[in-house]
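Q: Fold the following and give me the result.
(chains A and B)
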2 protein chains.
Amino acid sequence: MIDEPLASPAVSQDEATHDLEEGTAFTPRFDADGLIVCVARAAADHEILMIAYMNAEALRLTVATGEAHYWSRSRQTIWRKGATSGQTQKVREIRTDCDQDALLLTVEAGGDGGACHTGRRSCFYRRVAESEGGEALVFD
Amino acid sequence: MIDEPLASPAVSQDEATHDLEEGTAFTPRFDADGLIVCVARAAADHEILMIAYMNAEALRLTVATGEAHYWSRSRQTIWRKGATSGQTQKVREIRTDCDQDALLLTVEAGGDGGACHTGRRSCFYRRVAESEGGEALVFD
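A: Below is the predicted model of the structure:
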């Protein structure tokens, strides 16, 4: 997600950046809270279903089991997606971005095929529209 | 991105959650650093191009100009995407998720049509693959 190189990087920074971006070592960069952001899209049509976070253990469990596990920031615990809703996520592919601080999961959702706890398929069920005096959300 | 309701929420929490999830007011929830995560996808084919962050001012500029502005966490400044690379992003749609702490932008990329500073169209140019003793990244 870097638009351009940092100004005047040291040589060692250049090498580290090169390894991160052009290397084959998977070295996910967790943030100060130990989390990495994840986008989940549907395998069938690539609709974006949700955004959630993983810590290292959730990522390990996801890779080990093939079922998406996330870190709940509100409950401060790992959850296997769909454990209560049935909306499990079989992980077909994990991709990472240039600086390895984000993941893109391609998943097959179980249950009703959705991902959102509101009952909708995708969490992104509202569009930001211009409105008098600002923006409003439209369901479409 | 909530999988299930919190345990024993207070009534006022219920109402706030309902407004957040089922309302038409756009009330983006910025994190402790004042940022909201954004996924940008291509208008033409919905390929996921990148993940970046906005603060309130970057979001305001994005809405006002129709050009994606993000917050650079490394440089601690707002940048208009493509200002130096030419890879501008005309924003065709902004969506938000159930709890309004993430944005999905549908964009038309300028310049070479890409989004990644490495020269690739998408930042997600590597797949996590199983490898001896762990995972490795594959360019495909």
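Q: So which bits of the longest helix seen in chain A are buried?
A: When chain A is parsed with DSSP state H, its longest helix is helix A:11-22. For helix A:11-22, a neighbour-count test (16 or more other Cβ atoms under 10 Å in any protein chain shown) marks A:17, A:20, A:21 as buried. (Glycine included, C-beta is placed from N, CA and C.)
Q: my guess is the second one contacts residue A:100, does it?
A: Yes: in terms of Cβ atoms under 8 Å, residue A:20 counts as a neighbour of residue A:100; the distance is 5.7 Å.
Q: which residues do those two both contact?
A: A:27, A:29 (Cβ atoms under 8 Å, 6 or more residues apart in numbering or on different chains).
Q: ok so, going back, format the buried residues of helix A:11-22 as TSV; extra columns: pLDDT and distance to chain B.
A: TSV is the format used below for these (pLDDT from 0 to 100; distance: Cβ to the nearest Cβ, whole Å):
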residue	pLDDT	distance to chain B
A:17	94	10
A:20	96	10
A:21	97	6
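Q: picking that back up, tell me which other helices or strands the longest helix of chain A touches.
A: Judged by 3 or more Cβ pairs under 8 Å, 6 or more residues apart in numbering or on different chains; DSSP states H and E, helix A:11-22 is in contact with no other helix or strand.
Q: And residue A:68, how far from residue B:87?
A: Shown here: residue A:68 relative to residue B:87, a distance of 30 Å by Cβ to Cβ, to the nearest Å.
Q: out of the two, which sits in the busier spot?
A: Between residue A:68 and residue B:87, counted using other Cβ atoms under 10 Å in any protein chain shown, the more crowded position is residue A:68 (28 against 23).
Q: rewinding a little: packing partners of the next helix or strand after the longest helix of chain A?
A: Scanning forward in sequence from helix A:11-22 by DSSP states H and E, the next helix or strand is strand A:36-42. Using 3+ Cβ pairs under 8 Å, 6+ apart, the elements in contact with strand A:36-42 are strand A:48-54, strand A:102-109, strand B:48-54.
Q: I'd like the average pLDDT over the longest one.
A: Strand A:102-109 carries an average pLDDT of 98.
Q: ok, it near chain B or not?
A: Yes: using Cβ under 8 Å from any Cβ of the partner chain, we find that strand A:102-109 touches chain B at A:102, A:104.
Q: what's in contact with that strand?
A: Contacts of strand A:102-109 (Cβ under 8 Å, 6+ apart): A:1, A:28, A:36-44, A:46, A:49, A:54, A:59, A:62, A:68, A:82, A:87-97, A:115, B:48, B:51, B:123-124.
Q: of those residues, buried ones?
A: A:1, A:28, A:36-43, A:49, A:54, A:59, A:62, A:68, A:82, A:87-89, A:91, A:94-97, A:115, B:48, B:51, B:123-124.
Q: Mean pLDDT per helix and strand in chain A: which one sits at the bottom?
A: Least confident element among the helices and strands of chain A, by mean pLDDT, DSSP states H and E: helix A:11-22 (a mean of 88).
Q: Please report the distance of the most centrally placed residue in chain A from residue A:53.
A: What sits nearest the mean C-alpha location of chain A, by Cα atoms, centre = their mean, is residue A:38, with 0.9 Å. Going from residue A:38 to residue A:53 by Cβ to Cβ gives 6 Å.
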